[in-house]
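Participant: I need the structure of the sequence given here:
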Amino acid sequence: MPVRESPPPQLSEIGEDAAPEATARIYDEIRTYCGVRCVSSLQRYLASLHGVLEFAWGALRPAFLDGSLPETAWRRVAALPGRPHPPLSPAALRLLGVDGESTERIRGICESFIRVAPINLLFAGCLERLLGGAWPEGVTKRESWQPPPMLAPLPPLVEATAEPDDLRAVLSQLGTEIDGKPFVPGLYRLLARWPPYLAHAATMIGPELHSAAARVERAAIAERIVAAADDILAGLPPLSDAHPPPGARETRAILQAIGSYRVTSPEMIVFATRLRDALPA
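Facilitator: So this is what the prediction gives:
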């Protein structure tokens, strides 16, 4: 992918700090049932489209309350393709600007994406089917579910437009486009708090990120997870009239975004795992 020296702003979204009351309530439930202290860019993007997050969460919320969607997504993550990254020693990390405390913060960042990326794939797969006309007519499978303990808080996302040229260039190398706008996955925007480490990570990730064979392997990870969408929908109650589905124009934009997330989410599973496993115990 060509380097964008001065990328325009990120994809439209409603940030967690700027969310109106109704959206903030949904964000809070998403954090709780995903077991992470942040809301993914997918949901933040849907929130920027009028009524879309309310429609999606209203339809799929029962599958989070009973745990069927998160647990199914996690179970369907198969063995990862490719080779692990070489391990990094504490001394090497220090040369990359990462001390012991920062090592644990990076580990927590990776763990968060390893946990939430499979959920996002299945969430998006279910939403895609709903937008295609699927109509749930089932019931929830269990009355309640205990989500996993919440992972550590994450640092704020780095805004690329405010960073030096070299850091913006490295982030652009790791980015893609959604809805015609540049999109850099949150994993890399968080790791950008340690620019030398991000440069190392980009060097390790780059060849596999742009390898055609590796893309096919990552697509297989996504398809294995998304294939469970029909089973999830079959267990959901009928849709409520409170939040109607989006119109044709918004549906096209959402489906295009879902197609892009279907590429970036398995990247997060694979590369966050590789980066975490290369850290010293």
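Participant: Which residues are in contact with residue 18?
Facilitator: For residue 18, no residue counts as a contact, taking CB atoms under 8 Å, 6 or more residues apart in numbering as the criterion. Every C-beta, even on glycine, is put in place using the N, C-alpha and C of the backbone.
Participant: hang on, I meant residue 202
Facilitator: Residues near residue 202 by CB under 8 Å, 6+ apart: 170, 173-174, 188.
Participant: Pretty sure residue 236 sits against residue 136.
Facilitator: Yes - with contact defined as CB atoms under 8 Å, residue 236 counts as touching residue 136 (3.6 Å).
Participant: out of the contacts of residue 202, which are buried?
Facilitator: When burial is judged by neighbour count using 16 or more other CB atoms under 10 Å, the buried members of the contacts of residue 202 are 170, 173-174, 188.
Participant: May I see the contacts of residue 202 organised as JSON lines, with pLDDT added?
Facilitator: Rendered in JSON lines, the data for the contacts of residue 202 read as follows (pLDDT from 0 to 100):
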{"residue": "170", "pLDDT": "95"}
{"residue": "173", "pLDDT": "92"}
{"residue": "174", "pLDDT": "93"}
{"residue": "188", "pLDDT": "96"}
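Participant: which pair in these spans the largest distance?
Facilitator: Every pair in the contacts of residue 202 was compared (CB to CB); the two farthest apart turn out to be 173 and 188, at 9.2 Å.
Participant: Mind telling me what element the nearest residue to residue 187 once chain neighbours are set aside is part of?
Facilitator: Ranked by CB to CB, 6 or more residues apart in numbering and with sequence neighbours excluded, the top spatial neighbour of residue 187 is residue 113, at 5.0 Å. Taking DSSP states H and E as the definition, one finds residue 113 inside helix 100-131.
Participant: Just the buried positions in that helix, please.
Facilitator: By neighbour count, with 16+ other CB under 10 Å as the criterion, the buried positions of helix 100-131 are 102-103, 105-131.
Participant: Kindly report the same for stretch 230-250.
Facilitator: Buried residues in stretch 230-250, defined by neighbour count with 16+ other CB under 10 Å: 232-233, 235-236, 239, 243, 245-246, 250.
Participant: Need the max-distance pair from those.
Facilitator: Distance extremes for these: the farthest pair is 235 and 250 at 26.4 Å, using CB to CB.
Participant: The buried ones among the contacts of residue 202 in helices, which ones?
Facilitator: 170, 173, 188 (DSSP state H).
Participant: can you pull the contacts of the first one?
Facilitator: It stands for residue 170. Contacts of residue 170 (CB under 8 Å, 6+ apart): 192, 195, 198-199, 202.
Participant: what separates it from residue 198, distance-wise?
Facilitator: Distance from residue 170 to residue 198, counting by CB to CB, to the nearest Å: 6 Å.
Participant: Spit out the residues that contact the two alike.
Facilitator: Taking CB under 8 Å, 6+ apart as the contact criterion, the common neighbours of residue 170 and residue 198 are residue 192.
Participant: mind listing the strands for the chain?
Facilitator: Along the chain, the segments classed as strands by DSSP state E run 176-178, 181-183.
Participant: List the buried residues for the first one?
Facilitator: It refers to strand 176-178. Of the residues in strand 176-178, those buried under the neighbour-count criterion (16+ other CB under 10 Å) are 176, 178.
Participant: Can you name every helix or strand that that strand contacts?
Facilitator: strand 181-183, helix 248-278 (3 or more CB pairs under 8 Å, 6 or more residues apart in numbering; DSSP states H and E).
Participant: same thing with the last one?
Facilitator: Using 3+ CB pairs under 8 Å, 6+ apart, the elements in contact with strand 181-183 are strand 176-178.
Participant: Direction included, what does the strand it packs on pair up with?
Facilitator: Note on strand 176-178: by DSSP bridges, its sheet partners are strand 181-183 (antiparallel).
Participant: hang on, the earlier thing: now the strands of the chain in CSV, with distance to residue 37 and mean pLDDT?
Facilitator: Supplementary listing: the strands of the chain in CSV, determined by distance: least, CB to CB, whole Å; pLDDT from 0 to 100:
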stretch, distance to residue 37, mean pLDDT
strand 176-178, 23, 77
strand 181-183, 22, 80
